[in-house]
Structures are given as C-alpha cells and as structure tokens.
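1. pasted the sequence and its predicted model underneath.
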Amino acid sequence: MRLEPISFGNVTIDMPVILAPMTGVTDLPFRRIVRRYGSGLNVTEMIASQAMIRETRQSLQKAAWAAEEALPPRSVAAALGGPAGVGGFRVIPLAVVRSASALREAIAECARTGAVAVCDAETPEDLSAVAVATLAQSVPVALAGTAALARALAGLLELPGDGPGHAARPLPERPVLVVAGTRAPSLDAQFAALAAAGATMYDLDEATLARAARDGLPHDGPATTAVRLARGHAWRAADVDRLAAAVVPLARATGAHLLLTGGETARRVLDALGVDELTVLGPLGAGAVLCRTADGRAVVTRPGSFGGDGHLVDLTARLRALMTETAATSAGKDS
C-alpha cells in the first residue's frame, strides 16, 4: 500500500505518519526512535500553557528538541563524516585494543597510510592501552577523546591529576569566564547555581547579543562571569560566532581563565582568541578537561549538557583553588 504525502498550507509531509502528543511518552529519546523508523511529523508531550509561559524546568524539558538536522550517527566513525585525508577512517576493534602488539601495529599502519584510527574502548585500561600504543609510535600522533582519555595520557606523562599536583603548573590569579552556547535544559539549574554563588550573569537575547558583539561586555574585577544565549529564542548555528565575538574582548581585557561548555562553543571562542594550541594538564573533576594556553590562561572544556545542578560551580571552585594553591606556593618560596 502506498501512502500519499499530505499538506498543511505550504508544509508537505512526505510520510503521512504523525506521532500524537502523549504525556509521559513522547519525550525526546522516544521521538528520536520514532523518527529513526520513518515518522513524517513528531510532536512533543502535551504541555500546560501556563507552565510554558513561566518556563518551568519541567515544561522546558518536555519541549526540548534535538538541534541536529539529521539522525544521530550510529558510530564514532560515522560521526566523523566519512573518508578523511589519504587513508580515510579505520575502526580498531576492542579485541585489537586489548592486544598491545596488535594495537601498536594498527596505529602504525594508520600513520603510514594517513588514516584516522578510531579505537573502541570500554574501560580506563583500554584507554591507557591506546595512549601507550600512541606514545610508542616513531612519528607524532595526535589524540582526540574524552576527559577519561586525557586522564590516561596525563598519568603516562606524569602530568598532574586532581588535587595539589596541579599547582606544579602555576595558574595565575585571574577572573573566570564561563561561556555556554548550548541550550540544554540542564544548563538552567547550573546557571542559577552560579548566580547564587555570586557570579555576574549575562543571558544574551537577540538585541543584547548584537550589542555585546559590537561593544563587548563589562567586567567586575576578579568575579566569575557567566555568559550564555538566552532561552526562548530560535538561535542559529551562526549565533555561536556572535557569542564568541561578544566574550572575546572581555577575555582579552581580563586575561580570564575560560570554562567553555560544548565543543562547538569552545572551538569558536578559542578560534576568535587566536588560540591554536593547548597543553593538556589533566582532568578537573568529572567530565571536564583542564588545559593551558601558551600565555598561561587555563581553559576548561566539558560537554554542554553534562553534570548536575552544581557542576559549573564546582568547576569554578576547583579553578580558584588551584589559583590559591599557586599563590600559597609562591608565598612559601618567598619566605
């Protein structure tokens, strides 16, 4: 049986199968599954109009919609977008990762052919094996991965991990600038916690974003400043560039340490600052990687929707603790 497309005004639905709004059922994960099987139109859960007007946390979670225009990739290799460079991508399976000699040879072969190695891993030991095999290569190999991979690499290179060891690589006393380009609902509570902790807050709507991109943002001494795109607006990907333009003058004027949430946000801000190289210092709490620029600025990156309500407060406190440890170490040497 052939299903004919249906039209509503100037909108045509090629597959006339529509998901009904069902409270407690049609949440974001469910809609993604239904879309994967070919539904033509998906609808959120039913939401009370007054709750939506007040933008309660529950109503915003129900209204959450995936920003991606395509289905999520089924693998890391697929997420990377197909062939790259001369040799494309090569997936290295778990069995090879857990054989030291086979893993070294697989990575060496990728280096010879110009392929990008995509290594499977399930445990911290698997990530350590990848780091060991990479460091054993006769040519430089770049690593890209999560905070867990950074932790494994830091351990092998004897870089500092959590705790006082970070003070061996001094962090100067500077303000902390938090920048969030993500619109994940979990960020609302995290920014509310920052505000309660005394941070200077900027929720940039269309007008204030344009003004900030043109004139920059004011700063308040050593305080933590948090900047994000305001909710309730149909932001476009290009607006992340404008967000970067808005925060860069502040970052340059103060030399602030950066806490960047979301990979695209981090890339745009660092590009705008002219930062093309970071030194990995190690993890800074769960889900976050601490790096340093050539001029001594700390850069902390983490996924945009990661962590509980107090995660950003915790990360800023850890950064300030490292500045305090550095100051205390310097004072001890002076005495």
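-> Received it, and whenever you're ready, just let me know what you need. Please read all numbers here as calculations on a predicted model, not as lab measurements.

2. could you use CA atoms for every contact and neighbour count after this?
-> Will do.

3. care to break this protein down by domain?
-> Annotated domains of the chain cover 10-63, 76-144, 164-329 [automatic domain parsing].

4. can you put those domains in a markdown table and add mean neighbour count?
-> Below are the domains of the chain laid out as a markdown table (neighbours: other Cα atoms under 10 Å):
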| stretch | mean neighbour count |
| --- | --- |
| domain 10-63 | 15 |
| domain 76-144 | 16 |
| domain 164-329 | 18 |
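
5. dump the ones you listed to a markdown table, plus distance to Ala150 and mean pLDDT.
-> Listed next are the domains of the chain as a markdown table, based on distance: least, Cα to Cα, whole Å; pLDDT from 0 to 100:
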| stretch | distance to Ala150 | mean pLDDT |
| --- | --- | --- |
| domain 10-63 | 29 | 83 |
| domain 76-144 | 9 | 84 |
| domain 164-329 | 6 | 82 |
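
6. Three-state assignment for Ile33, please.
-> helix (DSSP: H, G, I helix; E, B strand; the rest coil).

7. please read the previous query as pertaining to Val130.
-> helix.

8. setting the sequence-adjacent residues aside, check what's closest to it.
-> Excluding the flanking residues, the one nearest Val130 by Cα to Cα, 6 or more residues apart in numbering is Val97, at 6.8 Å.

9. now Ala189
-> In space, Ala189 is closest to Asp309, 5.2 Å off (Cα to Cα, 6+ apart).

10. quick check, the one you found in contact with Ala195.
-> No: using Cα atoms under 8 Å as the test, Asp309 is too far from Ala195 to be in contact (11.9 Å).

11. helices of the stretch 101-250 of the chain, residue ranges please.
-> Using DSSP state H, counting those that start in this stretch, the helices of the stretch 101-250 of the chain run over 124-135, 147-156, 186-196, 206-215, 239-254.

12. of all the domains of the chain, which one is nearest Arg151?
-> Nearest to Arg151 among these is domain 164-329; the distance by Cα to Cα comes to 5.5 Å.

13. for the stretch 151-300 of the chain, which segments are assigned as strands?
-> All strands of the stretch 151-300 of the chain, identified by DSSP state E, counting those that start in this stretch, fall at 176-180, 200-204, 224-229, 257-261, 279-283, 289-292, 298-302.
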